[in-house]
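K.L.:
Need coordinates for the following:
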Amino acid sequence: MTGRTLILGGGFGGIAAAVELKRLLGDEHEVTLVDRSPAFRMGLRKLWELVGIGTIEEGSRARSLLARHGITVLQEEITAIDPVARAAETTGGRLDGDHLVIGLGAVSRPDLVPGLAEHGHDVWAFTGVPAAAEALGRFDGGRILILIAGAPYPCPPAPYECAFHLDGHLRGCGLRDRTDLAVVTLQPMLMPNAGWAGSEWMADRLAERGISRRISSKAERVEPDHVVLADGGTEPFDLLIAVPPHRPPAAVADSRLLAPHGWIGVDRQTLSTAHEGIFAVGDVTLIPLANGLPLPKAGVMAEYQGLRVARAIAAGLRGEEPPAPFDGRGFCPVEVGEGTGALVEGDWYAEPEPVVSIEGPSAAQAAEKRAFETDRLQRWFGS
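P.N.:
Residues are numbered from 1 along each chain as shown. Sure, this is the predicted structure:
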């Protein structure tokens, strides 16, 4: 058995697929993973670094460590994708494979909202965290606004986790009593993927902390001290933390892989695209659910998708029956303040609506989030 799988993107989905392929096929199959960055970084640590309870560096590992599994890792920028040839152009040349797995994620685009990049802080991009943390360090009271300016975006509960982290930070600094903390979202409810019940649960948690909320409020532009909404209203701020609109990377956008919804379209059970031998996983895809909403863009969903793709490729090469389809099930430990967390579990392919449950809050669920990180870093990169 010979051949090669080319994996574009070294996030949750790409790494999970690469490691699983080598576990199943060993030296009989070549796996090449390409990413422009030398380091894998845990996204959950962006909020920890923002408020000073952890650093991004502590949750980072060199992707070159994946060589321990027999994976070839290339640090190159992907400039174009040829879905017909199952190939990619990179800054290092042209690469191709018998199978192509695309896990290039979603790119934060604050430029799509006028004034957002100039007057707000984007902590959905790793590069935006240092400036946001510095601004928070200078903050001495006033109004902090968390603005959800685009959807879908990676990790749906994270803006509310951000609010809880900021609440705890401000209490520790003695600033909470002179700070108005608010969340404004363009979405019709706080957590559409969790339905009305999940959104009301989150609303109750915010209310317990004195964090105000406003739904169905789309940002039209951002001025130096306020957000102008599409309905003509405004939201003032002294410090703006933003969730910008997200889009596929340029190499994906310029390919022939995008569906009308603007993301890579895949079969929701197999993650295969319209091009034979090409799969896509994670945030670069959009999978519509029965209620019209998209499957949550979350690391664990990308991981499960990557595992399913790897098992399908291995089964095909071995002449075996295909594995069980990706079933749309997943979970997310959500931090809700003071060292507590809740476990959100979803059967997102359920009809007519996803079935979502929330357990907690408890200290055990907060610990589970840290255990989730530790497990992935050790399993993929070693101790």
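K.L.:
what's the residue closest to the geometric middle of this structure?
P.N.:
The centroid of the chain falls nearest to residue 154 when counting by CA atoms, centre = their mean (3.2 Å).
K.L.:
pretty sure that one contacts residue 123?
P.N.:
No. Counting by CB atoms under 8 Å, residue 154 stays clear of residue 123, with 11.6 Å between them. All C-beta spots, glycine's among them, are computed from the backbone N, C-alpha and C.
K.L.:
about what we covered before: for the residue nearest to the centre of the chain, what are its contacts?
P.N.:
Residue 154 is in contact with 43, 105-106, 124, 246, 283, 297-298, counting by CB atoms under 8 Å, 6 or more residues apart in numbering.
K.L.:
Columns secondary structure and distance to residue 15 on top of those residues, output as JSON lines?
P.N.:
Output for those, formatted as JSON lines (DSSP: H, G, I helix; E, B strand; the rest coil; distance: CB to CB, whole Å):
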{"residue": "43", "secondary structure": "coil", "distance to residue 15": "13"}
{"residue": "105", "secondary structure": "coil", "distance to residue 15": "12"}
{"residue": "106", "secondary structure": "coil", "distance to residue 15": "17"}
{"residue": "124", "secondary structure": "coil", "distance to residue 15": "20"}
{"residue": "246", "secondary structure": "strand", "distance to residue 15": "20"}
{"residue": "283", "secondary structure": "helix", "distance to residue 15": "14"}
{"residue": "297", "secondary structure": "coil", "distance to residue 15": "17"}
{"residue": "298", "secondary structure": "coil", "distance to residue 15": "15"}
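K.L.:
Output these as TSV; include the columns neighbour count, pLDDT and distance to residue 341.
P.N.:
As requested, the contacts of residue 154 are exported to TSV (neighbours: other CB atoms under 10 Å; pLDDT from 0 to 100; distance: CB to CB, whole Å):
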residue	neighbour count	pLDDT	distance to residue 341
43	19	95	16
105	25	97	24
106	22	97	24
124	26	95	20
246	21	98	25
283	28	97	22
297	24	96	20
298	24	94	15
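K.L.:
Would you format these as a markdown table with distance to residue 55 included?
P.N.:
Shown next, in a markdown table, are the contacts of residue 154 (distance: CB to CB, whole Å):
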| residue | distance to residue 55 |
| --- | --- |
| 43 | 13 |
| 105 | 21 |
| 106 | 23 |
| 124 | 18 |
| 246 | 24 |
| 283 | 23 |
| 297 | 24 |
| 298 | 22 |
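K.L.:
And those residues, which is closest to residue 36?
P.N.:
residue 105 (11.2 Å; CB to CB).
K.L.:
What sits closest to that closest one if chain neighbours are left out?
P.N.:
residue 283 (4.6 Å; CB to CB, 6 or more residues apart in numbering).
K.L.:
With residue 149 instead?
P.N.:
Residue 149's closest residue in space is residue 219 (CB to CB, 6+ apart), at 4.6 Å.
K.L.:
was I right about the one you found contacting residue 226?
P.N.:
No. If you go by CB under 8 Å, residue 219 and residue 226 don't touch, sitting 10.5 Å apart.
K.L.:
more crowded one of the two?
P.N.:
residue 219 (25 against 18; other CB atoms under 10 Å).
K.L.:
Check for me that residue 343 belongs to a strand.
P.N.:
Yes. Under DSSP: H, G, I helix; E, B strand; the rest coil, residue 343 sits within a strand.
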